[in-house]
Each structure stands twice: as structure tokens, then as C-alpha cells.
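> One predicted model, sequence on top.
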Amino acid sequence: MRSVAQLAAVSVNRAVSVLNHLIALGLVERREAGSAALVRLARDNEAAKAVISLGNLRSTVINRLRSEAKTIRPAPASLVLFGSFVLGEARSSSDVDVLAVRPRRVVEDNQKWIEGLAHWVERGARIIGNPVNLLTVGQDELPGLLRRKQSVWSEIAKDGLVLLGSDLPDLTRATS
């Protein structure tokens with residue numbers, strides 16, 4: 001039980017109390033092994049399946065955001081998720097940072113472009129349950145922005161997760 005307590009960053013007494021409750025609910029199974037007790041998630045328990053599903057929530061959200069991104073018309077040259085959500089540092093109050101790169105053929109004030117992004121932002125906020133902070137740039141602006149060292153742009157290029165289109169270094173090479 002010490003190992004479980006250390007993993008959960010709680011006291012051994014608290015870990016034992018919670019595990020006993022989870023065992024009583026059927027979410028966790030306990031087996032004695034000499035002087036030790038082995039515990040594991042009861043994967044066939046419906047509540048345990050929900051816990052497993054929550055463990056996969058981040059990848060499920062990313063897949064849904066990607067799926068919704070395919071509906072944006074005209075399509076972005078790149079749509080990149082970045083910031084605390086990608087780094088695994090997001091809190092319940094965090095917004096979700098997204099960069100949309102407008103393709104060359106689309107002018108900045110193109111109404112379909114604006115409406116397509118607005119619809120995606122609205123859907124994204126509902127999917128994830130947090131506000132979406134959308135940053136847009138034109139494809140031709142990107143090379144100059146990415147050349148800035150020690151900036152948010154280099155962090156987006158390095159850590160960003162592409163939801164749709166090309167990754168930023170490839171897009172920049174194609175632009176140059």
C-alpha cells in the first residue's frame with residue numbers, strides 16, 4: 001500500500017481507506033501475496049470502464065478536434081494545438097490555444113474563412129469544455145514569425161500538435 005500511497009501522494013492510511021472503498025464498490029480487486037497485497041483495476045466493472053475512459057480523455061478530445069477540423073472550409077494550411085493542453089499542464093480553468101494558418105489563396109477578411117473558424121471554435125469549446133483561444137496568421141507571415149528565437153512561435157513549432165494540414169516547419173519550407 002506504500003507504493004499506491006506514494007503514487008497518489010497521500011498517506012498510507014488514506015490510500016488504504018480509498019482502496020478499501022473501491023474494493024467494496026467492485027472497481028478494484030485485491031489479492032494477498034505473502035505479506036503484500038496486490039491491487040488492480042477490475043476492468044470488467046462498468047465504473048472501472050468509465051475510469052479507463054477518463055484516462056483516455058485527452059486523446060479522445062484531440063481525435064474529436066481533428067475530426068471537427070476537417071469540416072473547416074476553406075481548410076487551414078495548418079491548425080495547431082499548443083500551450084498547456086498539449087504540454088499536459090492544463091487546469092480546469094485553462095483555455096485551449098490553437099493556431100490557424102490561413103492559406104495563401106484566402107484573404108484575411110474572407111467571410112467563409114471567418115465563419116468556418118468561428119464554427120470550429122464553438123464546437124471545440126463544447127467538446128473540451130474550455131474556451132478556445134484562436135490565433136490566426138497568414139501562411140506568408142509564418143516564416144518571419146518562426147525565425148524569432150525564444151518566442152511563442154518557436155514553442156508552437158517545437159511542441160505544437162497538428163490537428164489539420166502541414167506542420168509549421170514543412171509549411172515554412174514550402175513558403176520560402
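Received, thanks. Just so it is clear, the structure is predicted and the values come from calculations on it, not from any experiment.
> Export whichever strand or helix holds L171 to CSV, keeping only CA atoms.
For L171, the element it lies in under DSSP states H and E is helix 168-175. Provided in CSV are the C-alpha atoms of helix 168-175 (Å, rounded to 0.1, in the frame of the first residue of the first chain):
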residue,chain,number,x,y,z
LEU,A,168,4.8,24.5,-39.3
PRO,A,169,8.4,23.8,-40.4
ASP,A,170,7.2,22.0,-43.5
LEU,A,171,4.8,24.8,-44.2
THR,A,172,7.6,27.4,-43.8
ARG,A,173,9.8,25.5,-46.2
ALA,A,174,7.0,25.4,-48.8
THR,A,175,6.5,29.2,-48.3
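> now stretch 34-48: how far from the chain's centre is it?
28 Å (Cα atoms, centre = their mean, to the nearest Å).
> mind listing what the most far-flung residue of the chain relative to its centre touches?
Note on the chain: the largest C-alpha distance from the chain mean falls to G34, namely 41.8 Å (Cα atoms, centre = their mean). Residues near G34 by Cβ atoms under 8 Å, 6 or more residues apart in numbering: none. C-beta: built from backbone N, CA, C; applies to glycine.
> What of T60?
Contacts for T60 (Cβ under 8 Å, 6+ apart) come out as S53.
> which element is it on?
Here T60, judged by DSSP H and E, is contained in helix 57-69.
> buried sites along that helix?
Neighbour-count burial for helix 57-69, with 16 or more other Cβ atoms under 10 Å as criterion, is recorded at 61-62, 65, 68-69.
> quick one: R147 and K49, what's the gap?
48 Å (Cβ to Cβ, to the nearest Å).
> the more surrounded of the two?
Shown here are R147 and K49; by other Cβ atoms under 10 Å, K49 has more neighbours (14 against 11).
> Do you know the pLDDT at the more buried one?
K49 is assigned 90 on the pLDDT scale.
> Let me know whether it touches R43 as I believe.
Yes - applying Cβ atoms under 8 Å as the test, K49 and R43 come out as touching, 7.2 Å apart.
> what mean pLDDT does the longest helix seen in the chain have?
Criterion DSSP state H: the longest helix present in the chain is helix 111-128. Throughout helix 111-128, pLDDT has a mean value of 97.
> For S166, what are phi and psi?
Listed backbone geometry of S166 is phi -90, psi 160, with angles given as degrees, to the nearest 10.
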